[in-house]
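A.B. asks: Give me the fold of what follows.
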Amino acid sequence: MEELRAGQIAVLFVSQRTGDDPDGYAEAAAAMAALAAQQPGYAGIEAVRDAGGLGITISYWRDEAAALAWRDHPEHARIRDLGRARWYAWYRTEVTRVERSYGWARP
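C.D. replies: I've put the predicted structure just below:
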């Protein structure tokens, strides 16, 4: 079971893919996931995308400073620009603090 996330910053990235350059997108997404995991304050990531290209990615950060540092990371900014030019019809980012966290897992 995943760790409980109360107190962490959650960055919700909701996007619609264009369908252009799927190999380039997959490569960039894998590189960004690996790079994010190396950043101070990184606490995890969850992502889903449906067959029509609508996706939701949630990255978790120890605090606001860590989330902002990731937003401002030069390589992340470069890939974000490529995403706007090639891979996304639109996206929306929302940032929030996790107030409560609980879960359940089948024994």
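
A.B. asks: for the chain, what spans make up the strands?
C.D. replies: 9-17, 42-49, 54-61, 88-97 (DSSP state E).

A.B. asks: I'd like the ones you listed as JSON lines, with distance to residue 103, mean neighbour count and mean pLDDT appended.
C.D. replies: Heads up, the C-betas are built off the backbone N, CA and C, glycines and all. As requested, these are exported to JSON lines (distance: least, CB to CB, whole Å; neighbours: other CB atoms under 10 Å; pLDDT from 0 to 100):
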{"stretch": "strand 9-17", "distance to residue 103": "15", "mean neighbour count": "18", "mean pLDDT": "98"}
{"stretch": "strand 42-49", "distance to residue 103": "12", "mean neighbour count": "14", "mean pLDDT": "97"}
{"stretch": "strand 54-61", "distance to residue 103": "14", "mean neighbour count": "19", "mean pLDDT": "98"}
{"stretch": "strand 88-97", "distance to residue 103": "18", "mean neighbour count": "13", "mean pLDDT": "98"}
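
A.B. asks: Select, out of these, the one closest to residue 107.
C.D. replies: With respect to residue 107, and counting by CB to CB, the nearest of the strands of the chain is strand 42-49 at 22.4 Å.

A.B. asks: Can you list the helices and strands that that closest one packs against?
C.D. replies: Contacts defined by 3 or more CB pairs under 8 Å, 6 or more residues apart in numbering; DSSP states H and E place strand 42-49 against helix 22-37, strand 54-61.

A.B. asks: Now distance to residue 9 too, for these, in a markdown table please.
C.D. replies: Output for those, formatted as a markdown table (distance: least, CB to CB, whole Å):
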| stretch | distance to residue 9 |
| --- | --- |
| helix 22-37 | 13 |
| strand 54-61 | 4 |
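
A.B. asks: among the ones you listed, which is nearest residue 86?
C.D. replies: Going by CB to CB, the one of these nearest residue 86 is helix 22-37, 6.9 Å.

A.B. asks: Format the strands of the chain as JSON lines; extra columns: distance to residue 36.
C.D. replies: Shown next, in JSON lines, are the strands of the chain (distance: least, CB to CB, whole Å):
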{"stretch": "strand 9-17", "distance to residue 36": "10"}
{"stretch": "strand 42-49", "distance to residue 36": "6"}
{"stretch": "strand 54-61", "distance to residue 36": "6"}
{"stretch": "strand 88-97", "distance to residue 36": "14"}
